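A.B. asks: below is the structure, and that's it, no one-letter string:
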């Protein structure tokens, strides 16, 4: 596995994010699954001074940290010590992705909920939930469902000619989504959601460390939990499915254009080599 990952890095390696030194202690871990008000909560946390709170958009727009996330996933699921148990993920591991973020939300936080809670023992934990499970499933299907599929189509072909597209597929479509949703969101989404919520509830965290919260609850319970004054502004309402799709499409368009350009260059070089060999030039 390490050998394969080394090859992937050699071919598709992206410049890593600038890590630097953590300037502030991790404050909030919002471990609810995507489409459970994660972007609204992130914006609300920013208003309350928990800035910056890491979100899925930080990994895809641009996707510079996706290779680092892939390494964390590999360490969690495929790397074992001599005792046969998975290696422990530390705050230092997570900081390769979270950098100087003092909050974290979205699928990354849900995927590594147990590990993050242990790695940052002083951080408050918010279990952001969505009470309408059918509505959550439909919202996920219309957004994150994009990463639940990995068909061998034209986009699949282009992903091999762009490092950004490759890591989006490798990390999100081939690793994180199938791992978290036990093979398929479409087939297992609802029961994985319920199991995840039950798992976090079952940790037995004290009330002053764990808040179960929904967007409908608004500012008051969130501010009380974080010991912050209630803002005069309305609670943020961010990231509806249409806006999500438009935001992703705008960035993906750049990567797709780059992939097509690389495919043309590769095809031209391959054609020149084949013709040269046929003519005895090479």
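C.D. replies: That came through, no problem. Because the structure is predicted, anything quoted here is derived from the model rather than measured.
A.B. asks: which is the next helix or strand following the helix or strand bottoming out on mean pLDDT in the chain?
C.D. replies: Confidence across the helices and strands of the chain bottoms out at helix 2-12, with a mean of 75, counting by mean pLDDT, DSSP states H and E. For helix 2-12, the following helix or strand on the C-terminal side (DSSP states H and E) is strand 28-30.
A.B. asks: which residue ranges of this structure form helices?
C.D. replies: Here the chain has its helices, by DSSP state H, at 2-12, 38-47, 56-60, 66-77, 91-98, 106-111, 113-119, 133-142, 154-159, 163-167, 177-180, 185-201, 219-226, 241-278.
A.B. asks: can you pull the contacts of residue 220?
C.D. replies: Shown in contact with residue 220 (Cβ atoms under 8 Å, 6 or more residues apart in numbering): residue 230. (Glycine included, C-beta is placed from N, CA and C.)
A.B. asks: kindly report the same for the one 10 residues further on.
C.D. replies: Under the criterion of Cβ under 8 Å, 6+ apart, the neighbours of residue 230 are 219, 220, 223.
A.B. asks: pLDDT score for the last one?
C.D. replies: Read it as residue 223. Among the per-residue scores, residue 223 shows a pLDDT of 98.
A.B. asks: do you know the pLDDT at the nearest residue to it once chain neighbours are set aside?
C.D. replies: Leaving aside its chain neighbours, residue 223 sits nearest to residue 230 (4.8 Å; criterion: Cβ to Cβ, 6 or more residues apart in numbering). Model confidence at residue 230, given as pLDDT, is 97.
A.B. asks: got it, and residue 206?
C.D. replies: As summarised for this prediction, residue 206 has a pLDDT of 97.
A.B. asks: from residue 225, how far off is it?
C.D. replies: Here the criterion is Cβ to Cβ, to the nearest Å. By it, residue 206 lies 12 Å from residue 225.
A.B. asks: and residue 103, how many neighbours?
C.D. replies: 27 (other Cβ atoms under 10 Å).
A.B. asks: let me know which of the helices of the chain is tucked in deepest.
C.D. replies: Using mean count of other Cβ atoms under 10 Å, the stretch among those with the greatest mean number of neighbours is helix 106-111 (a mean of 26).
A.B. asks: how far off centre is that helix?
C.D. replies: Distance of helix 106-111 from its chain centroid, counting by Cα atoms, centre = their mean, to the nearest Å, is 6 Å.
A.B. asks: contacts for it next, please.
C.D. replies: Under the criterion Cβ under 8 Å, 6+ apart, external residues in contact with helix 106-111 comprise 29-34, 38-39, 42, 54-56, 59, 69, 73, 97, 116, 144, 176, 179-180, 196.
A.B. asks: re earlier: can you say which of the helices of the chain is nearest to residue 213?
C.D. replies: Across the helices of the chain, residue 213 has its closest neighbour in helix 219-226 (6.0 Å, Cβ to Cβ).
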